[in-house]
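Colleague: Below are the sequence and a predicted model for it; my questions follow.
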Amino acid sequence: MDTPTEKQHLLPADPVASVAALEEEAVRQRHGFNLLFLRRLYRIVCITFHPKLHGTALYFYLLLLLVAGANEVAVFYAGNVPSQFFGVLLVKDVHKLNVVIGRSVGILLAATIGKSLVNFVAGLFEYRLRDGLTRHLHRRFLQPHIFYPIVSRNDIDNVDQRIAQDTDKFANTFRLVFQAIVISPFIIIYYTVKTWQVSGYLGPLLSLAYFILFAILSRLVMSPVTKAVFMKERHEGLFRESVAMLRGETKEQTVANHALDALIHRQRNVVYWELPLTFVNNFSSYLGSITSYLIIAIPIYNGRYDHLSPAELTELISQHGFMSMYLIFQFTTIVEQAVRFAELAGFTNRIGQMLEAIDKQEEKEKEGHGPHVHIVDEPLSDSKDAGGIRFDNVTIASPTGQLLIDHLTLDLGLGQHLLITGANGTGKTSLLRVLCGLWPTTTGDCVYYGELQPHHVQLLPQQPYIVAGSLRDQLAYPGAAHTVSDATLQHTLTSAGLDYLLLKVDSPDTDYGTEWTRILSPGEAQRLAFARLLHHRPKLAVLDEATSAIDETAEGMLYRHAIDAGITVVSIGHRESLRAFHTRELHLNGTRNEQNALEGSYALRAIGT
Ligand SMILES: Nc1ncnc2c1ncn2[C@@H]1O[C@H](COP(=O)(O)OP(=O)(O)OP(=O)(O)O)[C@@H](O)[C@H]1O
């Protein structure tokens, strides 16, 4: 099934060309800090904050808001502690000093607890975000009619990275940004009023002007960082893929090194573009501290506080210093989130892009461009059995538009076993994909008649799916382990010639995780998948070279068990011995026209005549 052509798709054939293509795509899709990003962010927020979502992030956000608000009250009092010390130290009053010390310790303790709690609740908020988002992606993406076309048609790159890693990074960055600015608007209003009372309208106005200046500067240098992060993440995935494919051969090492070059280039870009951004941010922080003194200098130089004693003036400067510094700190905190916001935009765009690909696939389905599988509640004509499948005038093309099968009409009643043969790349697996509802047809439909319905079909690919877990899990999949009794386990494994596995494992319920892929030989893995089939006894088994690694004698035994169990088989296989277990053969001719394109012709014949 896995043709060399398919494998090559996994590696960038020409890394330089693929880098250029990625660049182009990034520019085309404008993965920056823009309206599209905001729309995608809004969508993700709606998903994760939905009040009806189990474990919604909304309640944790509200809790964060509450805790952060309480913390700010403590911070306000903590900020006034130095000015109180100035007040008592300058008049040398020991009793007042003791009172201030006692009060200060209490306030600082409250502020410390407040800050820790904000961090704690923000952590809970983050994991809720990740949980909600990942589950949403799982629910929408992990469905055969969505997952399969998107992955097999290379609609979007590295879906696994988007689901596992980008959601994690998104949740973490979102938390950091919103933890920092969650109640900034309220604080800004409060401290604006307070600063106004002491320094007049010029105080908050200067702070605001300062903020706007640096917000504009940050916006200018932020967009390139967003794009650079997006591209880096993308190349990170490509690089991992190329390393995963490494078998130590020179050609593959060259490909992996090229992928690494491209990744390092992107990583360098991120570092370069972060330089102006961090410069702007640091400059804004340092300038902020001077600005607070400039603000209080205005009323002092205007003579507004000439009536105060030096001790009172010192206390006022200290108090006001804290307020205006805190106001500017809030502004700069917002500006400082620019780097994180740029990263957030990168992750948001990758997740948003995936959601849009799912939308598109769902739309295609609705418009009838999805798999053409129908169910008819009546017996298949001329069939003595209750049900079956009809390929009704089915034409199949590969995703690249290559004709594979041209107008196939074929009735297959339950109890009739079909062998599909033909040279490599002629479309055998593609036909099975259509039968299983994973691929659309160009014309015609695959119709399920009578008792046979799509969920009665079990597919066994050449590379069997081995689940993580125990031996019992292997047999039970997709059902739960407890549905397989000890007697069934023993009997089924014996039928598949695998009863010795029971002696190899500590117990049938010992969890070996993914070790199975190492424990089992390819032939044993195929036998185990076949044992699963014998256990579930589907009405129809679709076997795509599912016994290619099993010796001929054992293969015959497995087929005999399946047929005796009443399972109808549709197989792809190259061994002559397989013919004995089938009643009909569909041979894909693989003839090509003058342009070297497949003609899609086939021959259908009864076996044994
Ligand atoms: N996801 C895909 N994207 C592009 N082309 C594809 C894809 N899947 C299959 N094809 C092409 O469709 C053609 C038929 O593939 P298919 O796997 O059905 O052949 P097959 O007869 O099962 O081959 P084999 O005997 O080698 O398993 C091949 O040329 C293959 O390259």
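Modeller: Nice, I can see it. The shown structure was predicted, so the numbers you read here are calculated from the model rather than taken from an experiment. Residues are numbered from 1 along each chain as shown.

Colleague: Break the chain into its domains for me.
Modeller: Domain ranges of the chain: 10-366, 373-466+520-606, per automatic domain parsing.

Colleague: Which of those domains comes out lowest on mean pLDDT?
Modeller: When these are ranked by mean pLDDT, domain 10-366 comes last with a mean of 81.

Colleague: if we look at stretch 204-223, which residues are touching it?
Modeller: Residues from elsewhere that reach stretch 204-223 (CB atoms under 8 Å, 6 or more residues apart in numbering): 32-34, 192, 195-196, 273, 276-277, 280-281, 283-284, 287-288, 291, 294-295, 324, 327-328, 331-332, 334-335, 338-339, 341-342. In this view, the C-beta of every residue, glycine as well, is placed from N, C-alpha and C.

Colleague: And the helix or strand Ile187 falls within, what's buried?
Modeller: In this structure, Ile187 sits in helix 184-199 according to DSSP states H and E. Across helix 184-199, burial judged by 16 or more other CB atoms under 10 Å covers 184, 187-188, 190-192, 194-195, 198-199.

Colleague: do stretch 570-578 as well
Modeller: Buried-residue list, stretch 570-578, by 16+ other CB under 10 Å: 570-573, 578.

Colleague: related to what we said a few turns ago, out of the buried residues of helix 184-199, which one sits closest to the ligand?
Modeller: Minimum distance to the ligand across the buried residues of helix 184-199 is 48.7 Å, recorded for Ser184 (CB to the nearest ligand atom).

Colleague: Tell me which entries of the buried residues of stretch 570-578 lie within helices.
Modeller: Residues of the buried residues of stretch 570-578 located in helices (DSSP state H): none.

Colleague: Now tabulate the residues you listed in JSON lines and tack on distance to Gly132.
Modeller: Converted to JSON lines, the buried residues of stretch 570-578 look like this (distance: CB to CB, whole Å):
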{"residue": "Val570", "distance to Gly132": "41"}
{"residue": "Ser571", "distance to Gly132": "43"}
{"residue": "Ile572", "distance to Gly132": "41"}
{"residue": "Gly573", "distance to Gly132": "45"}
{"residue": "Leu578", "distance to Gly132": "48"}
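
Colleague: so how many other residues sit close to the closest residue to Leu294 other than its chain neighbours?
Modeller: Spatial nearest neighbour of Leu294, chain neighbours left out: Leu206 (7.0 Å); criterion: CB to CB, 6 or more residues apart in numbering. Leu206 has 19 neighbours, counted by other CB atoms under 10 Å.

Colleague: tell me which element Leu206 falls in.
Modeller: Per DSSP H and E: Leu206 is located in helix 202-244.

Colleague: Give me the angle between that helix and helix 184-199.
Modeller: Helix 202-244 and helix 184-199 are oriented at 150 degrees to each other (axes from the mean of the first three to the mean of the last three CA atoms, to 10 degrees).

Colleague: Distance from whatever helix or strand comes next after helix 202-244 to the middle of the chain?
Modeller: Later in the chain than helix 202-244, the nearest helix or strand by DSSP H and E is helix 250-301. Relative to its chain's centre, helix 250-301 lies at 27 Å (CA atoms, centre = their mean, to the nearest Å).

Colleague: one step back: quick check: the residue nearest to Leu294 vs Pro185, distance?
Modeller: Note on Leu206: its distance to Pro185, by CB to CB, to the nearest Å, is 19 Å.

Colleague: now do Ala164
Modeller: Ala164 is 34 Å from Pro185, by CB to CB.

Colleague: Could you do Lys504 as well?
Modeller: 64 Å.

Colleague: again with Arg560
Modeller: Taking CB to CB as the measure, Arg560 falls 74 Å from Pro185.

Colleague: for the ligand, what are the nearby residues on the stretch 401-550 of the chain?
Modeller: Within the stretch 401-550 of the chain, the residues that sit near the ligand (CB under 6 Å from any ligand atom) are 404, 422, 424-430.

Colleague: Now render those as TSV, adding secondary structure and neighbour count.
Modeller: Converted to TSV, those look like this (DSSP: H, G, I helix; E, B strand; the rest coil; neighbours: other CB atoms under 10 Å):
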residue	secondary structure	neighbour count
Leu404	strand	25
Gly422	strand	20
Asn424	coil	10
Gly425	coil	18
Thr426	coil	22
Gly427	coil	25
Lys428	helix	26
Thr429	helix	21
Ser430	helix	22
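
Colleague: Now distance to Ser318 too, for those, in a markdown table please.
Modeller: Below are these laid out as a markdown table (distance: CB to CB, whole Å):
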| residue | distance to Ser318 |
| --- | --- |
| Leu404 | 81 |
| Gly422 | 87 |
| Asn424 | 82 |
| Gly425 | 81 |
| Thr426 | 85 |
| Gly427 | 82 |
| Lys428 | 83 |
| Thr429 | 77 |
| Ser430 | 78 |
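
Colleague: any idea which of those is closest to Gln490?
Modeller: Among these, Thr429 lies closest to Gln490 (CB to CB), at 34.1 Å.

Colleague: Next up, phi/psi of Ala397, please.
Modeller: Reported as degrees, to the nearest 10, the phi and psi values for Ala397 are phi -120, psi 150.

Colleague: Quickly list what it is bridged to.
Modeller: Beta bridges link Ala397 to Leu403, judged by DSSP bridges.

Colleague: For Gln361, see how far away it is.
Modeller: The gap separating Ala397 from Gln361 is 18 Å, by CB to CB.

Colleague: Same question for Gly608.
Modeller: In terms of CB to CB, Gly608 sits 43 Å off from Gln361.

Colleague: Between those two, which has more neighbouring residues?
Modeller: Of the pair Gly608 and Gln361, Gln361 is the one with more neighbours under other CB under 10 Å, namely 22 against 10.

Colleague: Excluding chain neighbours, give the residue nearest to that one in space.
Modeller: Closest residue in space to Gln361, ignoring its immediate chain neighbours: Ile146 at 5.1 Å, by CB to CB, 6+ apart.

Colleague: so which strand or helix has the one you found?
Modeller: With DSSP H and E as criterion, Ile146 is part of helix 144-152.

Colleague: moving C-terminal of that helix, what's the next helix or strand?
Modeller: On the C-terminal side of helix 144-152, the closest following helix or strand by DSSP H and E is helix 159-161.

Colleague: what angle do the helix or strand that that following helix is followed by and helix 202-244 make?
Modeller: Downstream of helix 159-161, the first helix or strand assigned by DSSP H and E is helix 167-181. With the same axes, to 10 degrees applied, the angle from helix 167-181 to helix 202-244 works out at 170 degrees.

Colleague: Point out the other elements, helices or strands, that helix 167-181 touches.
Modeller: helix 57-91, helix 94-141, helix 310-366 (3 or more CB pairs under 8 Å, 6 or more residues apart in numbering; DSSP states H and E).
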